[in-house]
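K.L.:
pasting the structure only:
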């Protein structure tokens, strides 16, 4: 399985996901995929993330990381 992202000006990096993902691994995936993708795509505007209600997306630890980057 892979995690990926898209922006208005292109696609971001893909991150390979191994095993069952918890909040800590999800944060690591975002750090390895989302943050570099923002730089690669030269995104300087406000970042809006869209996620489903998967538990790893809604854990307070993950939400805190997302709102703090």
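P.N.:
Here it is on my side, so go on. Predicted, not measured: the structure shown is a model, and the values here were computed from it.

K.L.:
tell me where the model's unsure across this structure.
P.N.:
69 (pLDDT under 70).

K.L.:
tell me the secondary structure for the residue nearest to residue 51 when sequence neighbours are not counted?
P.N.:
Leaving aside its sequence neighbours, residue 51 sits nearest to residue 57 (C-beta to C-beta, 6 or more residues apart in numbering; 4.1 Å). Any C-beta I mention is one placed from the backbone N, CA and C, and that applies to glycine too. What DSSP: H, G, I helix; E, B strand; the rest coil gives for residue 57 is helix.

K.L.:
now residue 57: how far from residue 67?
P.N.:
According to C-beta to C-beta, to the nearest Å, residue 57 stands 13 Å off from residue 67.

K.L.:
surely residue 40 and residue 12 touch.
P.N.:
Yes. Shown here, residue 40 and residue 12 form a contact pair, counting by C-beta atoms under 8 Å, at 6.7 Å.

K.L.:
neighbour count winner among these two?
P.N.:
Remark: of residue 40 and residue 12, residue 12 carries more neighbours, 20 against 13, as counted by other C-beta atoms under 10 Å.

K.L.:
rewinding a little: for residue 9, see how far away the residue nearest to residue 51 is.
P.N.:
Residue 57 is 24 Å from residue 9, by C-beta to C-beta.

K.L.:
neighbour-wise, which of those two wins?
P.N.:
Higher neighbour count among residue 57 and residue 9: residue 57, with 16 against 8, using other C-beta under 10 Å.

K.L.:
check which residues of the lengthiest helix in the chain are buried.
P.N.:
Longest helix of the chain, by residue count under DSSP state H: helix 23-40. Using 16 or more other C-beta atoms under 10 Å as the test for burial, helix 23-40 gives 23, 26, 27, 29, 30, 33, 34, 37, 38.
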